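Asks: Sequence first, then the predicted structure, then my questions.
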Amino acid sequence: MQQLDVRTDLTVVGGGLAGICAAIGAARQGSTVALVQNRPVLGGNSSSEVRVWVCGATAHGVQHFARETGIMGELFVENQYRNPDGNPYYWDLVLLEAVRAEPNIQLFLNTDVRTVEAADGVITSVTGWQMGSEKDITFHSPMYADCSGDGLIGFLAGADFRTGREPRSQYGESWAPEIPDSNTLGSTILFYTKDAGRPVKFVPPSFARDINSTSIPDRRIIRSDLNGCAYWWIEWGGELDVVDDNERIRDELQGVVYGIWDYLKNSGRFDADNLTLEWIGSVPGKREYRRFLGDHVLTQHDVLGQVEFEDRVAFGGWSIDLHPPGGVYATERGSKHWHPDGNYHIPLRSLYSRNVRNLWMAGRNISASHVAFGTTRVMATCAVLGEAVGVASAVALRNGLTPRSAATERFELVRHALHRADASVLGVADTDPANLALGASATASSSLRRLAVEVSSGTLPLESDVAMVVPVEPSLEGFELLVDAAEATSLTVELHDPVKPQNYLPLKLLDSCTVDVPAGEKRWIEVPLSWDQVGNVVVVLKANPSVSVHTAESALPGMIYFAHRDPAPDEQYTEQFRSWKHILKREGLCVRLAGESSAYSASKVIGGYSRPCGGPQLWASEDLAWDPEPWIELTWPEPVEVGEIVVILDDDVEEDLINLHHHRSPDEILPTLVRDYDLQARNNNGPWTTIASAKSNHRRRIRHPLDRPLPLTALRLVVKATNGTQRAHVVSIRAYCS
């Protein structure tokens with residue numbers, strides 16, 4: 001048996017999405033990292049071993065402009081390009097290649113950490129056994145990140161933690177039980193089927209559960225065309241100890257899966273003669289176990305109140321999603337959901353241990369109540385927490401800080417590093433003094449100023465209320481709609497405030513008016529509503545069956561549309577139902593806004609936000625038919641030494657890319673991304689020189705490190721082609737000395 005010592009700046013235990021993003025995040029900051037995973041593949045519950053879809057802040061389209069950026073965003077976009085059909089083995093490859101692309105990461109697969117050395121609240125080493133190679137490996141580093149899900153490292157180090165459900169009295173959470181208990185969310189095993197093209201029989205094993213003797217057929221949806229995560233409700237073990245009883249839980253879940261398959265194949269109720277089992281999981285996908293205690297415990301109030309923490313480092317948007325402890329055998333619904341009005345924030349103080357001074361945590365073991373954990377636990381949110389931990393760890397290490405002091409004394413250093421990494425932080429402007437672009441001014445060959453979509457592609461009857469989100473900058477001075485009316489009538493229009501810049505719902509009535517609509521087709525009607533505050537507003541067209549509004553094949557950036565829907569009978573229960581449903585995806589209404597807008601001006605690429613927040617927050621050129629080779633230029637009053645340029649492009653964070661075992665998004669490359677561009681520079685009045693280019697691009701963030709720093713007074717990005725949109729979109733241009 002070999003005994004090895006590995007010394008790095010950070011040891012990350014756990015190779016799920018939280019651990020992957022923590023390792024990559026730290027490595028890109030210059031830290032050396034040991035990434036330790038006890039399975040043969042990366043990805044945790046999303047891997048080909050378990051095959052759970054990667055949910056996140058989009059909440060399957062409930063939240064808007066919410067898809068994660070940073071490393072998780074890169075993984076989503078890369079998977080869309082390489083693996084649009086959601087092959088779980090190709091997803092494994094996307095993750096493995098992302099880790100192997102970082103020279104600062106040493107990857108240790110099949111390595112199960114079993115012992116921790118710690119004293120006086122400090123971890124000094126962790127040791128794992130690498131199966132197959134029979135190596136005993138000890139990992140030494142000044143900082144550790146527990147991304148193991150179950151929280152074994154923190155537990156062995158003596159970190160304070162909780163399991164189960166806190167009482168309602170502890171945090172005043174309405175969804176917490178009156179009496180605390182040890183119940184958790186259970187574990188799940190999934191299965192896949194395929195059509196064999198001929199009849200295939202199934203002889204159930206002796207341990208298959210007879211689901212006819214349970215509530216499953218009456219309480220859960222079983223269909224022969226469903227696969228994978230459509231059976232997320234195959235869950236059990238919440239009333240047990242999901243770690244101590246892991247083997248029992250796995251056996252019971254496999255018995256349930258074979259019982260469901262027996263019911264599908266042999267009950268005679270389904271067209272399943274030609275179906276056969278293609279895959280069944282052997283590793284239970286765990287949802288919940290230990291939750292460590294940090295300096296802040298995230299609660300239901302933080303999530304639903306969308307509290308704007310000063311030390312926010314990530315965001316989520318999934319509903320508070322809690323399941324009955326009885327799992328598949330429960331007689332109540334398989335889940336209940338409470339959506340916040342939009343994305344919520346997560347502070348750095350919830351991502352480190354309050355009593356182990358060099359322990360970070362990311363994933364489902366962060367400092368959160370059981371109720372708040374119901375939303376933070378989904379994997380894309382775990383991933384952005386991982387990146388925040390990796391970046392913060394590297395910042396703390398190079399500045400001689402503990403996790404606590406990084407969050408409470410020098411947090412601006414973490415914030416600047418997260419901005420530079422394009423991490424998923426919401427509503428925080430880029431003020432990084434290292435970004436030389438903040439001292440520049442911006443101009444462009446053209447900018448979208450007249451907000452009008454005038455070519456009709458069809459009509460939408462106003463059978464229910466319809467809402468549209470409109471970016472206002474500097475003011476709204478009225479607008480026109482293209483409508484048909486079967487008879488002379490009137491239309492009531494309301495103006496609403498979404499209250500917070502990350503919300504897209506009509507939450508606060510600002511004004512309303514009623515306008516006359518003459519009978520006839522394709523009539524532009526004027527709506528004299530105005531507003532003089534910068535940000536999004538929501539226009540609501542009240543239902544009138546006599547009126548139809550004209551639709552268009554495309555919408556302007558940042559504008560989305562909703563229809564009001566009453567809940568269906570099976571959706572009429574607590575807080576689950578959101579009455580405003582997204583419609584006209586990638587389409588819009590024919591509308592003309594009065595005056596000119598600066599919502600898409602060239603200045604948007606300097607500082608500011610790096611994702612939609614109270615507006616689209618990007619530069620958009622005029623239509624390529626009018627400006628076929630648009631450019632945007634940064635100019636400095638005095639020469640600056642530039643050694644690296646970073647370009648952030650529009651990867652349409654409104655598009656939900658959860659194509660892993662769920663649905664297929666239509667474009668392998670997002671059309672809003674610029675495909676080809678040149679970066680040109682000049683010093684004073686010298687000639688323009690091309691210093692970098694991008695060809696056939698399909699990514700959001702592109703780094704251009706220069707061979708040597710260049711003195712320049714102007715930098716120009718010249719767009720040669722997009723991936724489909726009729727305008728050039730650029731989110732940010734950044735310049736650094738090194």
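Replies: Arrived safely, thanks for sending.

Asks: Tabulate the CA atom coordinates of whichever strand or helix holds A563 in PDB.
Replies: Assigned by DSSP states H and E, A563 falls within strand 561-564. What follows is strand 561-564, C-alpha atoms only, in PDB (Å, rounded to 0.1, in the frame of the first residue of the first chain):
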ATOM      1  CA  TYR A 561     -44.700  38.600 -22.100                       C
ATOM      2  CA  PHE A 562     -47.100  36.900 -19.800                       C
ATOM      3  CA  ALA A 563     -50.700  35.900 -19.700                       C
ATOM      4  CA  HIS A 564     -52.800  35.600 -16.600                       C
END
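
Asks: helices or strands up against it?
Replies: Contact analysis of strand 561-564 by 3 or more Cβ pairs under 8 Å, 6 or more residues apart in numbering; DSSP states H and E lists strand 466-472, strand 580-583 as its packing neighbours. From N, CA and C alone the C-beta is placed, and that goes for glycine too.

Asks: Between these, which one is closest to I702.
Replies: strand 466-472 (25.6 Å; Cβ to Cβ).

Asks: what pairs with the closest one, and is each one parallel or antiparallel?
Replies: Paired neighbours of strand 466-472 in the sheet (DSSP bridges): strand 535-541 (antiparallel), strand 561-564 (antiparallel).

Asks: Could you tell me how far the strand holding A563 lies from the centre of the chain?
Replies: The chain centre lies 22 Å from the centre of strand 561-564; the measure is Cα atoms, centre = their mean, to the nearest Å.

Asks: same deal with stretch 618-635?
Replies: 29 Å.

Asks: State the mean pLDDT of it.
Replies: In this model, stretch 618-635 has a mean pLDDT of 97.

Asks: What residues sit buried inside that stretch?
Replies: Neighbour counts using 16 or more other Cβ atoms under 10 Å place L618, W619, A620, S621, E622, L624, D627, P630, W631, I632, E633, L634 of stretch 618-635 among the buried residues.

Asks: Touching, the last one and I606? I think so.
Replies: Yes. Counting by Cβ atoms under 8 Å, L634 touches I606, with 7.0 Å between them.

Asks: Give the residues shared as contacts by these two.
Replies: Counting by Cβ atoms under 8 Å, 6 or more residues apart in numbering, the contacts common to L634 and I606 are A437, A440, S441, A442, I733.

Asks: would you list these in JSON lines and tack on neighbour count?
Replies: Below are these laid out as JSON lines (neighbours: other Cβ atoms under 10 Å):
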{"residue": "A437", "neighbour count": "24"}
{"residue": "A440", "neighbour count": "21"}
{"residue": "S441", "neighbour count": "13"}
{"residue": "A442", "neighbour count": "20"}
{"residue": "I733", "neighbour count": "24"}
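
Asks: Secondary structure and pLDDT added to those residues, as TSV?
Replies: Listed next are the shared contacts of L634 and I606 as TSV, based on DSSP: H, G, I helix; E, B strand; the rest coil; pLDDT from 0 to 100:
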residue	secondary structure	pLDDT
A437	helix	98
A440	coil	98
S441	strand	98
A442	strand	98
I733	strand	98
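
Asks: got TSV for those residues, with distance to P709 too?
Replies: Output for the shared contacts of L634 and I606, formatted as TSV (distance: Cβ to Cβ, whole Å):
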residue	distance to P709
A437	15
A440	16
S441	21
A442	22
I733	17
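
Asks: what two of those residues are the furthest from one another?
Replies: Spanning the widest gap among the shared contacts of L634 and I606 are S441 and I733, at 12.1 Å by Cβ to Cβ.

Asks: what do these two both touch?
Replies: What both S441 and I733 touch, as defined by Cβ under 8 Å, 6+ apart, is the set I606, L634.

Asks: For the top strand by length along the chain, name the packing helices and strands.
Replies: Across the chain, the longest stretch assigned as strand under DSSP state E is strand 701-722. Judged by 3+ Cβ pairs under 8 Å, 6+ apart, strand 701-722 is in contact with strand 631-649, strand 674-682, strand 689-694, strand 729-736.

Asks: Run me through the strand neighbours of it, direction for each.
Replies: Short version: by DSSP bridges, strand 701-722 pairs with strand 631-649 (antiparallel), strand 674-682 (antiparallel).

Asks: what angle do the shortest one and strand 729-736 make?
Replies: Relative orientation of strand 674-682 with respect to strand 729-736: 40 degrees, computed using axes from the mean of the first three to the mean of the last three Cα atoms, to 10 degrees.

Asks: Okay, strands next: where are they in the stretch 151-300 of the chain?
Replies: Counting by DSSP state E, counting those that start in this stretch, one finds strands in the stretch 151-300 of the chain at the ranges 161-162, 187-188, 191-195, 235-236, 275-280, 285-286, 291-292.

Asks: Adjacent strands (with direction) for the second one?
Replies: For strand 187-188, the paired strands and their directions (DSSP bridges) are strand 235-236 (antiparallel), strand 285-286 (antiparallel).

Asks: so which of the ones you listed gets nearest L264?
Replies: Of the strands paired with strand 187-188, nearest to L264 by Cβ to Cβ is strand 235-236, at 18.4 Å.

Asks: Just the endpoints, please. Distance across stretch 498-517?
Replies: 27 Å (Cα to Cα, to the nearest Å).

Asks: ok, back up a step: can you say which of the strands paired with strand 187-188 is packed in most?
Replies: Among those, strand 235-236 has the highest mean neighbour count (mean count of other Cβ atoms under 10 Å), at a mean of 26.

Asks: Contacts for that one next, please.
Replies: 185-188, 249, 252-253, 256, 287, 323, 327-329, 334.

Asks: closest to P88 among those?
Replies: Nearest to P88 among these, counting by Cβ to Cβ, is T188 at 15.1 Å.

Asks: For G285, see how far away the closest one is.
Replies: Distance, T188 to G285, by Cβ to Cβ, to the nearest Å: 5 Å.

Asks: Equivalent analysis for L481, please.
Replies: Distance from L481 to G285, counting by Cβ to Cβ: 48 Å.

Asks: ditto for S441
Replies: S441 is 52 Å from G285, by Cβ to Cβ.

Asks: V453 now?
Replies: 44 Å.

Asks: With adjacent residues omitted, what lies nearest to K581?
Replies: In this structure, K581 finds its nearest non-sequential neighbour in R565, 5.0 Å apart by Cβ to Cβ, 6 or more residues apart in numbering.

Asks: pretty sure the one you found is touching A543, no?
Replies: No. Distance between R565 and A543: 11.4 Å, which falls outside the contact criterion (Cβ under 8 Å).

Asks: Quickly list what's touching both of those two.
Replies: S464.

Asks: Run a quick neighbour tally on the residue lying closest to L413 once chain neighbours are set aside.
Replies: Nearest residue to L413, sequence neighbours excluded (Cβ to Cβ, 6+ apart): V395, at 5.0 Å. Counted with other Cβ atoms under 10 Å, the neighbours of V395 add up to 22.

Asks: Mind telling me what element V395 is part of?
Replies: Per DSSP H and E: V395 is located in helix 379-398.

Asks: quick revisit: which of the helices and strands packed on strand 561-564 sits most buried?
Replies: Most buried of these, by mean neighbour count (mean count of other Cβ under 10 Å): strand 466-472, with a mean of 22.

Asks: Model confidence score at V534, please.
Replies: For V534, pLDDT reads 96.

Asks: Report the separation between the residue nearest to S696 when sequence neighbours are not counted and V356.
Replies: In space, and not counting its chain neighbours, S696 is closest to R675: 6.4 Å by Cβ to Cβ, 6+ apart. From R675 over to V356 the distance is 48 Å, taken as Cβ to Cβ.
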